[in-house]
Structures are given as structure tokens and as C-alpha cells.
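Novice: using only what follows, build the 3D model:
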Amino acid sequence: MKVQPRERFSSQVQLSPDSVADFARAAGDMNPLHHDAEFAARSRFGKLIASGPQTSAMLMALTASHFSKSANMLGLDFWFRFKKPVLADESVKLEWMVISVQPCARLAGDLVDLRGRLVNESGQTAVGAKGRVLILNEPAGAKS
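Specialist: This is a model prediction of the structure:
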């Protein structure tokens, strides 16, 4: 797989209150903003919101899904900034862009730096992200 700077990839995800509550519980996040609709209705958000671990996991998962289609890859480093709440019933867009690609002989692959974001239904960036992945110099599915 040859990754190029400025390459872009994205995905649309429809959240639901049930999926948000299930993810929060599975992650051990018992903040009632993620699973108690009555509590969330009285909050500044007015309804359930997705947890930070869920929104960041969706962004990281998109990198794995995208790059592992044609190469073996490893996520190395991710950073997130939570800017706006993500409502539990929103359709959100996950976006990434390749910033740079650097060969790394020591790791037998290419280091790929990324910038990403989760965009809410209003077109605002709710979560900003940076990432670094390693694309290994071996065919997808090869045994290491």
C-alpha cells in the first residue's frame, strides 16, 4: 500500500441513545450523561451525549479499517481534543487526512501522520484528532 500525503478518508456514523449507553457501560463510564435520559434532560445538553472514549474509539477504528484493507498497520499514537458535545442521536462524520509519510527502516514500514475530526450534524468540529500509524512493509494478512 502506498500512502500519499493529503489522502483523505471518511465515514458517516448514526449514533443512537441505546448504542451510546451500551458503549459507556461496556467501557465502565457510569457518567449518567451517557445512559440516564432523565438526568441528561436536566443537564446543559438537554439529552444524552456520547462519551469521549466512544468518539475517540470511532476515530481510531476508522484508521484501522481504512489502512488494514490493503496493508498491515499498527496505531502508534493518538491525541484528541473534545470541543463540543456529541449528541446520542446524531449522525456524525469521521474524517482523516494524511499529513506526512516517512519511511522508517527501524520499524520496517512507513510512519504516517494524520489529522482528523468528528463533525456534528451542524457541520461543527466536535472532536479534533491527531494520529500516527505504522504501515508495515509486508502484505496484508502476512504472518509476522
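
Novice: can I assume residue 62 sits in a helix?
Specialist: Yes - the assignment for residue 62 (DSSP: H, G, I helix; E, B strand; the rest coil) places it in a helix.

Novice: so for it, what's the pLDDT?
Specialist: We have a pLDDT of 98 for residue 62.

Novice: neighbours of it, how many?
Specialist: The criterion is other C-beta atoms under 10 Å. On that basis, residue 62 has 21 neighbouring residues. (C-beta placed from N, C-alpha, C; glycine too.)

Novice: distance of it from residue 11?
Specialist: 5 Å (C-beta to C-beta, to the nearest Å).

Novice: shared neighbours of the two, which are they?
Specialist: The contact sets of residue 62 and residue 11 overlap at residue 94 (C-beta atoms under 8 Å, 6 or more residues apart in numbering).

Novice: now do the most centrally placed residue in the chain, the pLDDT please.
Specialist: Centroid check for the chain by C-alpha atoms, centre = their mean gives residue 59 as the closest residue, at 0.7 Å. Looking at residue 59, its pLDDT is 98.

Novice: against residue 75, how distant is it?
Specialist: From residue 59 over to residue 75 the distance is 11 Å, taken as C-beta to C-beta.

Novice: overlap in contacts, these two.
Specialist: residue 131.
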